[in-house]
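Participant: let me see the structure of the following:
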Amino acid sequence: MCAHAGVSPRPSRFSLTELIVALVITAILGATLIAYFGSAVLRSADPARRLRETAALMSVAERITADYEDNYQNDLPSLRAQITQSSPPYGDYELVDSSYVQFDSDGNEQAGTVTDILKVKIRNGIGESLTLLFPYMP
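Facilitator: The predicted structure follows:
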């Protein structure tokens, strides 16, 4: 029985002030966490995009190399024409360089002719580049 006659015990409840304080603290913590983790969450897709772009560039390089091996080992000007088309058949890339080169005995690059090496440098949409060398094979 209760110590005070006629008074029933009050059920335990939170007061309005306690609820407001709890909500304010939760909001502050939430805002802090969003500020801290927000940029990481937004950038979490970047590695996947970079991987896709890199794989696409490697795929273009593989298609060009396969075409060279099948059709153009002794016809570098035709391969160069294929690579430099405005809508190339190998995929989506930007052509950075397409030139004939040769290397001296020290490994230094020099200008070459159509019977030397075709140097092709391609770039993807995120700025990664890949250089391919195709030697003339008589």
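
Participant: D92: which element?
Facilitator: Under the assignment given by DSSP states H and E, D92 is not contained in any helix or strand.

Participant: what of the one 3 residues further on?
Facilitator: Secondary structure assigned from DSSP H and E places L95 in strand 94-103.

Participant: helices and strands around that strand, which ones?
Facilitator: If you count contacts as 3 or more Cβ pairs under 8 Å, 6 or more residues apart in numbering; DSSP states H and E, strand 94-103 packs onto helix 76-83, strand 109-111, strand 117-123, strand 129-135. Using the backbone N, CA and C atoms, a C-beta is placed for each residue, glycine as well.

Participant: so what secondary structure elements neighbour the shortest one?
Facilitator: So the one you mean is strand 109-111. Under the contact criterion of 3+ Cβ pairs under 8 Å, 6+ apart, strand 109-111 touches strand 94-103.

Participant: so which of the helices and strands packed on strand 94-103 gets nearest I34?
Facilitator: strand 117-123 (36.0 Å; Cβ to Cβ).

Participant: can you list the strands that that closest one pairs with?
Facilitator: strand 94-103 (antiparallel), strand 129-135 (antiparallel) (DSSP bridges).

Participant: closest one to I64 among these?
Facilitator: Once these are compared by Cβ to Cβ, strand 129-135 is nearest, at 6.4 Å.

Participant: okay, buried residues for the closest one please.
Facilitator: L130, L132, F134 (16 or more other Cβ atoms under 10 Å).

Participant: also stretch 95-115?
Facilitator: Residues of stretch 95-115 classed as buried by neighbour count (16+ other Cβ under 10 Å): S98, Y100, G112.

Participant: quick one: what helix or strand has I126 in it?
Facilitator: Residue-wise, I126 maps onto no helix or strand under DSSP H and E.

Participant: from M58, how far off is it?
Facilitator: With the distance defined as Cβ to Cβ, to the nearest Å, I126 ends up 13 Å from M58.

Participant: helix or strand for the spatially most central residue of the chain, which one?
Facilitator: Nearest to the mean C-alpha position of the chain, by Cα atoms, centre = their mean, lies R50 at 1.1 Å. Assigned by DSSP H and E, R50 falls within helix 46-67.

Participant: from the chain's centroid, how far away is that helix?
Facilitator: Centre-to-centre, helix 46-67 and its host chain are 10 Å apart (Cα atoms, centre = their mean, to the nearest Å).
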